[in-house]
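K.L.:
Sequence plus predicted model, see below.
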Amino acid sequence: MSDSFDVVIIGGGPGGYNAAIRAGQLGLTSACIDKRGVFGGTCLNIGCIPSKALLYTSELYDKARNDFAKLGIKATAELDLPGMMAHKTKVVGELTKGVEFLLKKNKSEAIVGEARITAPGKVEVKGKDGTIRALDAKNIVIATGSDVAPLPGVVIDEETIVSSTGALALKTVPKRLLVVGGGYIGLELGSVWRRLGSEVIVVEFLDRITPGLDGEIAKQFQRILSRQAMKFQLSTKVVGVEKKSGGLSVALEPAAGGAQTTLEADVMLVSIGRIPFTADLGLDKAGVSLDKRGRVITDAHFKTNVPGIWAIGDCREGAMLAHKAEDEAVACIETIAGRAGHVNYDAIPAVVYTAPEVASVGKTEEELKTAGVAYKTGKFPFTANARAKTIAATEGFAKILADAKTDRVLGVHILGAEAGNLIAEAALAIEFGASSEDIARTSHAHPTLSEAVRQAAMGVEGWTMQM
Ligand SMILES: Cc1cc2nc3c(=O)[nH]c(=O)nc-3n(C[C@H](O)[C@H](O)[C@H](O)COP(=O)(O)OP(=O)(O)OC[C@H]3O[C@@H](n4cnc5c(N)ncnc54)[C@H](O)[C@@H]3O)c2cc1C
């Protein structure tokens with residue numbers, strides 16, 4: 001077993017393991033190190049995958065209880081929470097094993113242990129048994145991801161005061177769940193537990209949910225979630241929490257300051273964001289610069305200020321998304337291999353996997369207005385889409401923003417069933433520099449939800465046909 005590699009990758013999440021795969025494909029020797037003991041990172045172990053498993057099963061349960069009767073199906077649904085969790089655990093296990101297989105297939109050595117950069121080109125790994133292994137690396141890729149952002153004054157015990165990790169593994173359905181933060185993680189996990197029977201209230205510091213999403217979409221999204229009985233308290237901050245015999249007493253204050261109020265809850269989910277994980281990595285010793293938020297600073301090619309040290313994924317700037325980490329992994333390794341790696345950040349979609357889903361790619365209306373870009377808008381509601389009617393999922397709409405002069409697609413925002421799948425077409429359109437007319441004149445199968453995207457594209461030039 002050699003201790004010298006072309007690339008040593010620290011972190012086995014979507015950034016790290018995809019970097020290892022691409023390195024193998026391009027003939028580079030690599031090692032991929034993760035301290036977790038299981039590969040796949042946050043995404044596979046405590047993020048994207050377990051949350052989507054619970055979103056799927058809880059949605060089926062909710063549908064069986066509330067929607068089946070309207071569709072002519074008589075059924076009684078009974079919750080088997082351990083069974084639901086077992087499905088989640090099985091999926092996570094299969095996928096993390098899959099990552100190990102892919103590392104092996106691409107001849108990347110999977111090393112379990114805590115890595116530290118001791119000098120440029122030098123990495124030390126401390127194994128579970130405390131033994132130290134020293135590695136030589138022509139290139140070091142930092143892919144250490146992110147961690148839960150703490151709420152000042154609040155201690156997470158993963159029992160009653162939980163992060164997303166605890167919220168993915170609650171043993172009983174809390175009667176009252178207070179979600180701190182109206183971002184995608186809070187809304188997804190809030191949706192899971194609401195469907196399973198919790199009364200859910202979301203407390204958000206800002207005056208809107210899902211900051212970063214197109215404002216019109218976010219407003220309509222909040223209305224739909226409210227109709228599902230999710231409650232919202234906006235412009236409010238959590239300033240403290242006290243454990244009492246009957247549950248939690250959560251102290252709230254208006255975001256702008258003012259009189260305190262309290263809310264009672266059984267479980268509080270802290271989901272106010274994530275912070276880069278760059279501690280105890282030896283970065284200061286190696287001379288790698290971090291920004292004010294603790295993110296590794298890189299140039300557009302993922303190079304840090306220290307030659308031979310690179311960074312990708314959640315630990316550097318940009319959206320904290322698995323596919324962004326993956327895209328950066330590919331581009332970074334291609335650059336290391338002497339090719340021309342590149343990531344088009346305008347074409348990276350973002351999805352909220354609630355019901356309905358929300359998906360977006362490119363610019364929001366607010367961003368275009370701020371940038372002074374003249375744009376045209378086309379919209380189409382799912383109430384007028386035949387497939388949406390047949391599957392009884394008519395909430396929401398598709399919206400396309402195109403350059404007023406060139407018709408180039410600048411942003412696509414979809415609130416509706418399967419939005420996460422529908423957005424792929426829009427990402428491709430933006431990647432290819434397509435016009436709204438290109439989408440409008442592309443044949444879309446009937447009856448599909450994708451026809452709503454086409455009709456919205458027609459709307460940019462004012463010729464929506466099916467409304
Ligand atoms: C609840 C939840 C749901 C999410 N859902 C989605 C979703 O649906 N879609 C989406 O795109 N994104 C989602 N995300 C975000 C996604 O998980 C991250 O963006 C993604 O995992 C980032 O990949 P990464 O490789 O940069 O880091 P990570 O996946 O965080 O991997 C980093 C790895 O590095 C390891 N590590 C850190 N330091 C060291 C060290 N010194 N030595 C060895 N190993 C180390 C860690 O153990 C970790 O396994 C979700 C996140 C959460 C929490």
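P.N.:
Yep, it's here. Keep in mind it's a predicted model, so treat the numbers as computed, not measured. Residues are numbered from 1 along each chain as shown.
K.L.:
Show the backbone phi and psi for the closest residue to the ligand within the stretch 101-250 of the chain.
P.N.:
Nearest residue of the stretch 101-250 of the chain to the ligand (CB to the nearest ligand atom) works out as residue 145 at 2.1 Å. For glycine as for every other residue, the C-beta is placed from the backbone atoms N, C-alpha and C. Residue 145 adopts backbone torsions of phi 70, psi -150, taken as degrees, to the nearest 10.
K.L.:
wait, isn't it in contact with residue 11?
P.N.:
Yes: the criterion here is CB atoms under 8 Å, and residue 145 meets it with residue 11 at 5.7 Å.
K.L.:
So residue 89 versus the ligand, what's the distance?
P.N.:
15 Å (CB to the nearest ligand atom, to the nearest Å).
K.L.:
Give me the neighbour count for that residue.
P.N.:
13 (other CB atoms under 10 Å).
K.L.:
and what of the one 5 residues further on?
P.N.:
As a burial measure, residue 94 scores 11 neighbours (other CB under 10 Å).
K.L.:
Doesn't it belong to a strand?
P.N.:
No: counting by DSSP: H, G, I helix; E, B strand; the rest coil, residue 94 is not part of a strand but helix.
K.L.:
Now do the contacts for it.
P.N.:
Neighbouring residues of residue 94 by CB atoms under 8 Å, 6 or more residues apart in numbering: there are none.
K.L.:
CA-only coordinates of stretch 7-20 in PDB, if you can.
P.N.:
The C-alpha trace of stretch 7-20 is given here as PDB (Å, rounded to 0.1, in the frame of the first residue of the first chain):
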ATOM      1  CA  VAL A   7      -4.600  13.600  -4.900                       C
ATOM      2  CA  VAL A   8      -5.500  13.200  -1.200                       C
ATOM      3  CA  ILE A   9      -9.100  14.200  -0.600                       C
ATOM      4  CA  ILE A  10     -10.200  15.100   2.900                       C
ATOM      5  CA  GLY A  11     -14.000  14.300   3.200                       C
ATOM      6  CA  GLY A  12     -16.100  11.600   1.700                       C
ATOM      7  CA  GLY A  13     -19.200  13.500   0.900                       C
ATOM      8  CA  PRO A  14     -20.600  14.400  -2.500                       C
ATOM      9  CA  GLY A  15     -17.600  16.700  -3.000                       C
ATOM     10  CA  GLY A  16     -15.000  14.300  -1.800                       C
ATOM     11  CA  TYR A  17     -16.300  11.000  -3.300                       C
ATOM     12  CA  ASN A  18     -17.000  12.500  -6.700                       C
ATOM     13  CA  ALA A  19     -13.500  14.000  -6.700                       C
ATOM     14  CA  ALA A  20     -12.100  10.500  -6.000                       C
END
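K.L.:
Is the ligand within reach of that stretch?
P.N.:
Yes: under the criterion of CB under 6 Å from any ligand atom, the ligand is reached by stretch 7-20 at 10-16.
K.L.:
quick one: contacts for residue 448?
P.N.:
residue 387.
K.L.:
Swap in 10 Å and give it another go.
P.N.:
By CB atoms under 10 Å, 6 or more residues apart in numbering, the contact set of residue 448 is 385-388, 418, 422, 454.
K.L.:
now the residues you listed as a markdown table including neighbour count, secondary structure and pLDDT?
P.N.:
Compiled in a markdown table, the contacts of residue 448 are given as follows (neighbours: other CB atoms under 10 Å; DSSP: H, G, I helix; E, B strand; the rest coil; pLDDT from 0 to 100):
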| residue | neighbour count | secondary structure | pLDDT |
| --- | --- | --- | --- |
| 385 | 28 | coil | 98 |
| 386 | 13 | helix | 98 |
| 387 | 19 | helix | 98 |
| 388 | 24 | helix | 98 |
| 418 | 20 | coil | 98 |
| 422 | 22 | helix | 98 |
| 454 | 26 | helix | 98 |
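K.L.:
so which of those residues comes closest to the ligand?
P.N.:
Of these, the one sitting nearest to the ligand (CB to the nearest ligand atom) turns out to be residue 418, at 14.7 Å.
K.L.:
Show me what the helix or strand residue 61 falls within is packed up against.
P.N.:
Here residue 61, judged by DSSP states H and E, is contained in helix 48-66. On a contact count with 3 or more CB pairs under 10 Å, 6 or more residues apart in numbering; DSSP states H and E, helix 48-66 meets helix 41-46, helix 81-105, helix 164-167, helix 184-195, helix 322-336.
K.L.:
how about a cut-off of 6 Å?
P.N.:
In terms of contacts (3 or more CB pairs under 6 Å, 6 or more residues apart in numbering; DSSP states H and E), helix 48-66 is packed against helix 81-105, helix 184-195.
K.L.:
Run a quick check on residue 58 versus residue 195, I expect a contact.
P.N.:
Yes: when contacts are counted by CB atoms under 6 Å, residue 58 is listed as touching residue 195 (4.1 Å).
K.L.:
so residue 135 sits in a strand?
P.N.:
Yes: assigned with three-state DSSP, residue 135 falls within a strand.
K.L.:
does it have beta-bridge partners, and which?
P.N.:
residue 123 (DSSP bridges).
K.L.:
who's in contact with it?
P.N.:
Contacts for residue 135 (CB atoms under 6 Å, 6 or more residues apart in numbering) come out as 3, 8, 123.
K.L.:
now do residue 363
P.N.:
Residue 363 makes contacts with 410-411, as judged by CB under 6 Å, 6+ apart.
K.L.:
how much space between it and residue 35?
P.N.:
As judged by CB to CB, to the nearest Å, residue 363 and residue 35 stand 38 Å apart.
K.L.:
what does residue 26 give?
P.N.:
For residue 26 relative to residue 35 (CB to CB), the value is 26 Å.
K.L.:
Check residue 144 too.
P.N.:
Using CB to CB, we find residue 144 at a distance of 9 Å from residue 35.
K.L.:
Which one of the two is surrounded by more residues?
P.N.:
residue 144 (31 against 18).
K.L.:
Now tell me what touches stretch 288-300 from outside.
P.N.:
By CB under 6 Å, 6+ apart, stretch 288-300 touches 142, 276, 278, 304-306, 309, 311, 315-317.
K.L.:
In stretch 302-322, which residues are buried?
P.N.:
For stretch 302-322, burial by neighbour count (16 or more other CB atoms under 10 Å) applies to 302-304, 306, 309-316, 318, 320-322.
K.L.:
which of these lies closest to the ligand?
P.N.:
residue 313 (2.3 Å).
K.L.:
List the backbone torsions phi and psi for that closest one.
P.N.:
Phi and psi for residue 313, reported as degrees, to the nearest 10, are phi 80, psi -150.
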